[in-house]
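Enquirer: How does the following fold in three dimensions:
(chains A and B)
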Amino acid sequence: MVAATALAGPASAAAETVVPPGNGAVNQYTQTFPTPGGKATVEGDSVSSPSRTLGKRQTRELEAEGPEGVAAANLAAETAPVAAGDSGDSGGSGDGSRSGAGSGATGGRADGSGHSVGLDVQGASGLGAVLGGAFGASSGGLGLLMPLLILLALAWCLAYAWRQRRIG
Amino acid sequence: MIRALAATRLHWAVVLAALSTLVLLAAAPRAEAGPKRPLETGISGLWDLEQPFLSQAAVTGAGSLRVVVSWRAIAPASPPAGFDPSNPADPAYSWWETDKRMRAVVDAGFAPFALVTEAPSWAERCSAPGWDSAVCDPDPEAFAAFALAAAKRYSGGFGGLPKVSYWEPINEPNLSLFFNPQFDSAGKPVSAKLYRDLLNRFAASVKSVDPGNVVIGGGLGPIAVRRHTIGPLKFTRELLCMKGGKKPRPTKRGCPDGVHFDLFDIHPYTTGGPTHSGRVNDVQLGDLPDLRRLLNAAKRANRIRSHWSGVPIWVTEFSWDTKPPDPGGLPMKIAKRWVAEALYRAWRSGVTRFFWYGLRDEPANGNFRETLQSGLYFTGATPAADRPKPILWAFRFPLVAYPGKKGLHFWGRTPHGRGGKVRIQVKRQGRWRTVKRTGVNRTGVFAGRVKKLRYGRNERGAVRAVFGGIRSVPFSMRPVRDFYQRPFG
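Expert: Residues are numbered from 1 along each chain as shown, chains lettered A, B, ... in the order given. Alright, predicted model coming up:
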């Protein structure tokens, strides 16, 4: 954000200014139109165009009314809901707008109330979390699979010893 | 007979070896290894790099400070005859202020990271309205020459000046506030491509002085604003010649020589809480996993040429204005919780260093709209009268705890990231009771679960950690929903 210095050599070495928010600068950091859930912005390079939101005719009519009409058309476009898959990515990403409140945590479940269950201590993937749970890596215990593996190994050892004795 | 006996013994040895391996595998997770990934902290918006502010910064547990290396301030207003821009001792350069800052930071025990930004007008190839600190298409060759001079000067072998190991070019190159042009006349984004050239040349200069120097790429602002900024995910895709959203993959053409940096920096200022996601190309706290996924894919595709097999993420700017003193800021009671959660969410997404932006609130004189009140200290009439905010303690010793079906999950980081033993305590009938003792390794990060403990499932109570007599800020079991909260109040 605000790495704005006005160092200009020895004469004004102490003169530093921080970019003041509130006069336009801050708008490059802050979503301005929240949805009721506080989630999605309507800003961004993926918003709909006025003609797409309002239709070409209505957009033309609004724009004919001058700057205020243009502003109204833009506002309508910027506040229009974005359909899933409308990424606005020139590279054709095809990813849609993101899910609702409380999301954004990989590996764990977020229930929308800020209540995340199941900390992923290693920041692992979902598969990693499952394997970690199975082998007990996250809990510090044996997990489910490990005792099973030990039992299987023991059974194999006994069978092997019995077979050796018979051969002997 | 002897051969048969030897064969039998061999078989038994194999069996024993297999059993031993299994036993070792079973026993290993029980050791209190703790998470291996560290989370270090720093302060990035500290301008008065002198006492008592450096001591205040030390109290926060921060180990790093950002130092701005202003190309414009150091370079001559116009290059004189015989000017050698790659020579750190060229008499036309004016380094003394930066030298003083670097020395102060290192002498106070912090690791500096250099943000090389701004540009002298003679090195810019366009002009655009913006802040004084905005750069406009700087000449990559001239930028590389200055980076070489700076890296030589702070190589640890120049005039007794300290060594700087971390280097970042250009602040927030996806915002028109700091970098121009963002778009060409047809509205097509161009800044990522321009920045790629600057970054690669910068990395070559810095690494030529010391291959061990670490180059930080990105430093991106958080959101897309039509006609002004490019969403950081989109910018990063263009920078790394990648495409795709949820399944990022390399483009067929572009980036033939890769993009040269070692770790990636993002400024995920969040208009809401720690789980809040922005729009499709934004990176706010809840979007960090998307950035992680993109960087991983780019690394696998060999788009990123770096020191390490992975690409660590740094958050070098983050904050919320608090109430008090800002009437539009985040209420302090929630801020304490969200600061700890912000650190946890960031760490979980692969962030290894997290910088809080402000150390002290800016003097407001009633003007809260145009000043930042996101410091870790309330600003007093004199620096000696500064008072720590409650969020300072959450930043210094964060702890989060979430009740789950299999017990109480917790995560935290000890002050200054020290190793040792931590006690997890829950509040019952007005008294704190220890429910778990756990070891902390040298990263200072600890995480785990108190098995079968149903505490907090009724959304009542609080959890805290105790480390060497220091108590974390209690973490309430009552969840706080995400809501619209402007980061700057």
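
Enquirer: Dead centre of chain B: give me the residue that sits there.
Expert: For chain B, the residue nearest the mean C-alpha position is B:Val315 (2.2 Å; CA atoms, centre = their mean).

Enquirer: Look up how far B:Asp361 lies from the closest residue to that residue other than its chain neighbours.
Expert: The shortest distance from B:Val315 to any non-neighbouring residue, by CB to CB, 6 or more residues apart in numbering or on different chains, is to B:Phe354 (4.8 Å). C-betas here are computed from N, CA, C, even on glycine. Here the distance between B:Phe354 and B:Asp361 works out to 20 Å (CB to CB, to the nearest Å).

Enquirer: What of B:Ile334?
Expert: According to CB to CB, B:Ile334 stands 18 Å off from B:Asp361.

Enquirer: Of those two, which one has the most company?
Expert: B:Asp361 (25 against 17; other CB atoms under 10 Å in any protein chain shown).

Enquirer: ok, and the helix or strand in chain B with the lowest average confidence?
Expert: In chain B, the helix or strand scored least confidently by mean pLDDT, DSSP states H and E is helix B:2-27, which has a mean of 57.

Enquirer: Let me see the contact set for B:Ser306.
Expert: Applying CB atoms under 8 Å, 6 or more residues apart in numbering or on different chains, we find B:Ser306 in contact with B:His260, B:Phe261, B:Asp262, B:Leu263, B:Lys299.

Enquirer: Make CSV out of the residues you listed and add neighbour count.
Expert: Converted to CSV, the contacts of B:Ser306 look like this (neighbours: other CB atoms under 10 Å in any protein chain shown):
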residue, neighbour count
B:His260, 19
B:Phe261, 26
B:Asp262, 20
B:Leu263, 24
B:Lys299, 18
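
Enquirer: Which of those fall within strands?
Expert: Those of those mapping onto strands are B:His260, B:Leu263, per DSSP state E.

Enquirer: Quick one: classify the residue nearest to B:Leu285 when sequence neighbours are not counted as helix, strand or coil.
Expert: Nearest residue to B:Leu285 in three dimensions, chain neighbours excluded: B:Thr270, at 4.6 Å (CB to CB, 6+ apart). Judged by DSSP: H, G, I helix; E, B strand; the rest coil, the three-state class of B:Thr270 is coil.

Enquirer: my read: B:Glu40 touches B:Trp347, true?
Expert: No. In this structure B:Glu40 lies outside contact range of B:Trp347 using CB atoms under 8 Å: 10.3 Å.

Enquirer: Tell me which of the two has more neighbours.
Expert: Ranked by neighbour count (other CB under 10 Å), B:Glu40 and B:Trp347 place B:Trp347 first, with 26 against 21.

Enquirer: residues in contact with B:Phe158?
Expert: By CB under 8 Å, 6+ apart, the neighbours of B:Phe158 are B:Pro88, B:Lys152.

Enquirer: Relative to chain A, how far out is it?
Expert: 20 Å (CB to the nearest CB, to the nearest Å).

Enquirer: now check stretch B:84-102, is it near chain A?
Expert: Yes. Stretch B:84-102 lies within reach of chain A by CB under 8 Å from any CB of the partner chain, at B:Ser94, B:Trp96, B:Glu97.

Enquirer: which of the residues you listed has the most neighbours?
Expert: Among the residues of stretch B:84-102 next to chain A, B:Glu97 has the most neighbours (other CB under 10 Å), with 20 neighbours.

Enquirer: And for B:Ala342, the neighbour number?
Expert: So B:Ala342, with other CB under 10 Å, has 28 neighbours.

Enquirer: try B:Lys243
Expert: 20.

Enquirer: thought it was touching B:Gly254?
Expert: No. In this structure, B:Lys243 is not within contact of B:Gly254 by CB under 8 Å, at 9.8 Å.

Enquirer: and B:Pro150, what element?
Expert: No, residue B:150 isn't Pro; it's Ala. helix B:140-153 (DSSP states H and E).

Enquirer: what does B:Glu370 give?
Expert: Per DSSP H and E, there is no helix or strand for B:Glu370.

Enquirer: which parts of stretch B:226-234 are buried?
Expert: Neighbour counts using 16 or more other CB atoms under 10 Å in any protein chain shown place B:Arg226, B:His228, B:Thr229, B:Ile230, B:Gly231, B:Pro232, B:Leu233, B:Lys234 of stretch B:226-234 among the buried residues.

Enquirer: correction: stretch B:412-429
Expert: Result for stretch B:412-429 [16+ other CB under 10 Å]: buried residues B:Gly412, B:Arg413, B:Thr414, B:Pro415, B:Gly417, B:Gly419, B:Val422, B:Arg423, B:Ile424, B:Gln425, B:Val426, B:Lys427.

Enquirer: Sort out for me which of those are in strands.
Expert: Those of the buried residues of stretch B:412-429 lying in strands (DSSP E): B:Gly412, B:Arg413, B:Val422, B:Arg423, B:Ile424, B:Gln425, B:Val426, B:Lys427.

Enquirer: Tabulate the residues you listed (a markdown table), appending distance to chain A and pLDDT.
Expert: Below are these laid out as a markdown table (distance: CB to the nearest CB, whole Å; pLDDT from 0 to 100):
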| residue | distance to chain A | pLDDT |
| --- | --- | --- |
| B:Gly412 | 11 | 98 |
| B:Arg413 | 13 | 97 |
| B:Val422 | 14 | 97 |
| B:Arg423 | 16 | 98 |
| B:Ile424 | 13 | 98 |
| B:Gln425 | 18 | 98 |
| B:Val426 | 16 | 98 |
| B:Lys427 | 18 | 97 |
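
Enquirer: Tell me if I am right that B:Ala401 is in a strand.
Expert: Yes. Under three-state DSSP, B:Ala401 falls within a strand.
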